[in-house]
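**Q** With the sequence up front, the predicted model follows.
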Amino acid sequence: MALTKVIGSGLGAIPAISGANLTGFTDAQMPAGSVVQVVNVTDGDYASGTTLIPTTTIPQNTEGDEYMTLAITPTSATNKLLITVTVNIGASTTVLLCTALFQDSTANAVGSAMMDIGQNDVPSAITYSHYMASGTTSATTFKVRCGLTTSGTCTFNGGSGSGLYYGGVMSSSITIMEIAV
């Protein structure tokens, strides 16, 4: 239904606005703060690992076990990327658990989060975000690695004694939004 008259303004008819008028912008025309693109991966599979991530240094891309990856090809090297990670993770023991975000083959993590697993074999959700300049217009891949700080088994989307929880609908994810500057 098109709006045809603004009551009391005396302006007369206003043309209808359709979605066609709102698409087709080039990156240079996008208003600052506009979402240029969104990519997502959601993973409900069960996995486990035993590789540690110590708390004394920046997590390295050889520490922990890799559970998820997601690639994006930014449209502008100056745009920002907002990366949100949600991991449902548990441990075979009461321990600190780290999840870390890596870009491509860079050794140092670009972000990380830690949680105290207060009860063994019960997964908890860890959610964190990382905001950065895209720095490229080439495909770039972000990777999530998780590990305990001491011996034990890290469990992704489940528990060490029971495997997958909730048939895969308790899932973990990475979402990347490219934001125009």
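**A** Thanks, I have it.
**Q** biggest strand in the protein by residues?
**A** Ordering each strand of the chain by length in residues (DSSP state E) puts strand 80-91 first.
**Q** Check which residues of that strand are buried.
**A** Buried residues in strand 80-91, defined by neighbour count with 16 or more other Cβ atoms under 10 Å: 80-81, 83, 85-91. Heads up, the C-betas are built off the backbone N, CA and C, glycines and all.
**Q** which helices and strands sit right next to it?
**A** Judged by 3 or more Cβ pairs under 8 Å, 6 or more residues apart in numbering; DSSP states H and E, strand 80-91 is in contact with strand 65-72, strand 95-103, strand 111-117, strand 124-133, strand 140-148, strand 154-156, strand 172-179.
**Q** Quick check: which of those is buried the most?
**A** The highest mean neighbour count among those, using mean count of other Cβ atoms under 10 Å, belongs to strand 154-156: a mean of 27.
**Q** circling back to that earlier point, can I get the helices and strands packed on strand 80-91 in TSV with mean pLDDT?
**A** Shown next, in TSV, are the helices and strands packed on strand 80-91 (pLDDT from 0 to 100):
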stretch	mean pLDDT
strand 65-72	98
strand 95-103	95
strand 111-117	92
strand 124-133	96
strand 140-148	97
strand 154-156	92
strand 172-179	98
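**Q** and of these, who's closest to residue 32?
**A** strand 172-179 (8.4 Å; Cβ to Cβ).
**Q** Now for the chain, the helix or strand with the poorest mean pLDDT.
**A** Confidence across the helices and strands of the chain bottoms out at strand 163-164, with a mean of 76, counting by mean pLDDT, DSSP states H and E.
**Q** Direction included, what does that strand pair up with?
**A** Paired with strand 163-164 in the same sheet, following DSSP bridges, are strand 158-159 (antiparallel).
**Q** which other residues reach the partner strand?
**A** Residues outside strand 158-159 that contact it (Cβ atoms under 8 Å, 6 or more residues apart in numbering): 46, 48, 90, 121-123, 164-165.
**Q** Let me know the closest of the residues you listed to residue 30.
**A** Nearest to residue 30 among these, with distances taken as Cβ to Cβ, is residue 123, at 38.7 Å.
**Q** Next, count neighbours for the closest one.
**A** 23 (other Cβ atoms under 10 Å).
**Q** pLDDT value on it, please?
**A** Looking at residue 123, its pLDDT stands at 85.
**Q** can I assume it is in contact with residue 89?
**A** Yes. Counting by Cβ atoms under 8 Å, residue 89 is a contact partner of residue 123 at 5.8 Å.
**Q** ok, now how distant is the nearest residue to residue 101 once chain neighbours are set aside from residue 65?
**A** Spatial nearest neighbour of residue 101, chain neighbours left out: residue 111 (4.3 Å); criterion: Cβ to Cβ, 6 or more residues apart in numbering. According to Cβ to Cβ, to the nearest Å, residue 111 and residue 65 sit 17 Å apart.
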